[in-house]
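Student: Fold the following, please.
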Amino acid sequence: MEGKDTVETREDEEQNVKLAEILELLVAAGYFRARIKGLSPFDKVVGGMTWCITTCNFDIDVDLLFQENSTIGQKIALTEKVVSVLSKMKCAHRLEPHQIQGLDFIHIFPVVQWLVKRAIETKEEMGDYIRSYSVSQFQKTHSLPEDIDFLERKETVMKTVVDVSDVYKPQRKYKRQSGAAPLVDEESRVDSTLLEYGRRYGYSRPVKTDKSEEKKVSLASGLGHGVGDSSEEEDLQAAEELRIKTLMTGMAAMATEDGQLTASTVGHIVGLQSEEIKQIASEYAEKQSELSTEERPERLGQAQQHRRKVASLNKQISQKTKELEELTVKCSEVQTACSEAKKKLEEVVHYTERLNKELAELAVVESRADSSILLNLRALVGMNENLKSQEQEFRAHCREEMSRLQKSIEKIKLEAGGEDSEEKERTHLIEEQYKTDKEKLQKIRLLLARKNREIAILQRRIDEVPSRAELTQYQKRFIELYGQVSATHKETKQFFTLYNTLDDKKVYLEKEVNLLNSIHDNFQHAMASPGAREQFLRQMEQIVEGIKQNCMKMEKKKQENKMRRDQLNDEYLELLEKQRLYFKTVKEFKEECRKNEMLLSKLRAKGAS
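Tutor: Okay, the predicted model is just below:
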């Protein structure tokens, strides 16, 4: 029996551990009703599972928040519904209704863990969706200062871009004549099109660069192999120039803005390559003269002098080129630093604006909260931080004092040597001071612990206040209860009305039966003599007159009831309109509350980060 009791106690401990873990999961997921101590474990666990299922956008016909301490039949029905919805959700863990009803927390824990994970994922998805929807709704009716600035500058920028494009767009200067020979190869057609727009691309320009580089090499090496290369380049240059001139002969100049082609333009076009040809010819003549000096030694001094001048000029050109490259690099570095500084300035400006907005939102949130609680919390937090800083300063001071005293003790030991009595007295004083400082530190720690407990108590009190979602659930349940009470009251009134109507009908029928019986009994006696007959007829006329008066009274009562019914119907329609307006206002208020909670959660997340 003792072993059996021990096993049952161990199982209860495991169940309690699993129950605590389940409640921690539910509270972490956002189901704060699990903290309420008055609810039973069944209501907390099943309520948390139902909340998770509802958060995952699955419908379940269960409302556990106001049906605590249910009967066994109700619990069985609830657990069966929960298990059926879990199967529809394709839960990875199998769970039976009797396990939920029997509070088998060991088997319930993995299911709750799976539901909490699923609920958190759904919250994240819905949060992104709601955030994007709220941003789109905000952008429909509002705009940020950046958007307004962009719209104001957009028209000016677009106009500037169009003007720049119009100014720098390609302009056609020549036009191919109609009677010119057709161009066969693709290269000629490309060159002809480029020449029409005043562009010269061909062999001449890279030849010039290569030629200048080869000139330096040849001059450095003593003009050893420059003659053959120069002649080949001369031939290619001449052929290219001839081909371009041939293409130009088949073109006619376009009219300028004034309608004519100026003489300077024509001279510039004709002399586009003439300068290069003259330069190449002069260089060719120089090389020929340098080669001739090798055969005629008497002219060697002039050739050397010429080569020295050319080398000095090339050296100056290379130096100027290097200086230009260095200045270009410095300019690019300065431009990069300037752009980085502008970016940093923009980031600082945006960050300042964002901080100002967050401070304004925080001020609005603080204005809505309870000022006394906020002041109390601020005072306690400030006191806590002050005590922590004092504790750290006191510890640092104690360490410094201890190190100083230790150094002084060592110094005294070295200096005094045999003065044991004085050393003991000093050691005793130091120990007393250390004990005093330690007692102060302990008191400060106790005070800090007391303040922390007060802060924790206030935090728990704040957490015990129901949230907006719970208040909404209370309101929903009260509305449902009011509907049920109203329906029952209406049904009871109908029963009372039916009963009164039937009772009145019964009374009138009894009167009618009594009247007919009286007429039937007195008819033979009244017909026996003429006097009795006349009296009988007068009585019948009085009865008929009384019946007519009763009919008129009932008709009048009927008209009054009808008018009252129409008046009540009009009032009912007005109340229905007010009810619709109330529901609409409540819905808008809930939406604003939800947006407020989202903004508060974002603000807390930003504050935590």
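
Student: From one end of stretch 34-46 to the other, what's the distance?
Tutor: In stretch 34-46, first residue to last residue: 10 Å (Cα to Cα, to the nearest Å).

Student: can you pull the buried residues of stretch 93-109?
Tutor: Residues of stretch 93-109 classed as buried by neighbour count (16 or more other Cβ atoms under 10 Å): L95, P97, Q99, I100, Q101, F105, I108, F109. All C-beta atoms are positioned from the backbone trio N, CA, C, and that covers glycine.

Student: Over to it now: how far is its first residue from its last?
Tutor: Start and end residues of stretch 93-109 are separated by 10 Å (Cα to Cα).

Student: what sits up against that stretch?
Tutor: 14-15, 18-19, 21-22, 41-42, 45-46, 72, 75-76, 79-80, 82-83, 86, 110-111, 114 (Cβ atoms under 8 Å, 6 or more residues apart in numbering).

Student: Buried residues, stretch 74-90. List them.
Tutor: Buried residues in stretch 74-90, counted by 16+ other Cβ under 10 Å: K75, L78, T79, K81, V82, V83, V85, L86.

Student: Output it as CSV, nothing but the C-alphas.
Tutor: In CSV, the C-alpha atoms belonging to stretch 74-90 read as follows (Å, rounded to 0.1, in the frame of the first residue of the first chain):
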residue,chain,number,x,y,z
GLN,A,74,-21.7,19.7,-20.8
LYS,A,75,-18.1,18.9,-20.3
ILE,A,76,-18.4,15.8,-22.5
ALA,A,77,-20.1,17.8,-25.3
LEU,A,78,-17.4,20.5,-25.1
THR,A,79,-14.5,18.0,-25.2
GLU,A,80,-16.1,16.2,-28.2
LYS,A,81,-16.4,19.5,-30.1
VAL,A,82,-12.8,20.4,-29.3
VAL,A,83,-11.5,16.9,-30.4
SER,A,84,-13.6,17.1,-33.7
VAL,A,85,-12.1,20.5,-34.5
LEU,A,86,-8.6,19.3,-33.7
SER,A,87,-9.1,16.5,-36.3
LYS,A,88,-10.2,19.1,-38.9
MET,A,89,-7.1,21.1,-38.1
LYS,A,90,-5.0,18.0,-38.7
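
Student: Centre of the chain to that stretch, how far?
Tutor: Its chain's C-alpha centre and that of stretch 74-90 lie 35 Å apart, by Cα atoms, centre = their mean, to the nearest Å.

Student: tell me the strands in the protein, going along the chain?
Tutor: For the chain, the strands defined by DSSP state E occupy 174-176, 251-253.

Student: still on that earlier bit, show me the buried residues of stretch 74-90 that map onto helices.
Tutor: If you go by DSSP state H, the buried residues of stretch 74-90 have K75, L78, T79, K81, V82, V83, V85, L86 in helices.

Student: tally of neighbours for D128?
Tutor: D128: 10 surrounding residues under other Cβ atoms under 10 Å.

Student: contacting residues for it?
Tutor: Residues near D128 by Cβ under 8 Å, 6+ apart: none.

Student: what's the answer for the one 3 residues further on, then?
Tutor: Residues counted as contacts of R131 (Cβ under 8 Å, 6+ apart) are M598.

Student: Mind doing that once more with 10 Å?
Tutor: Taking Cβ atoms under 10 Å, 6 or more residues apart in numbering, we find R131 in contact with M598, K602.

Student: E464 and F32 touch, don't they?
Tutor: Yes: contact between E464 and F32 holds when scored by Cβ atoms under 10 Å: they sit 9.3 Å apart.

Student: quick one, which of those two is more surrounded?
Tutor: The neighbour count for E464 versus F32, taken as other Cβ under 10 Å, is higher for F32 (15 against 10).

Student: how close does the closest residue to the more buried one other than its chain neighbours get to Q139?
Tutor: Leaving out its chain neighbours, the residue that sits closest to F32 by Cβ to Cβ, 6 or more residues apart in numbering is S467, at 6.7 Å. Per Cβ to Cβ, to the nearest Å, S467 is found 30 Å from Q139.

Student: Then R176?
Tutor: According to Cβ to Cβ, R176 and Q139 sit 55 Å apart.

Student: T352 versus C338, what's the distance?
Tutor: Plainly put, C338 is 21 Å away from T352 if you go by Cβ to Cβ.

Student: go on, Y31?
Tutor: 40 Å.
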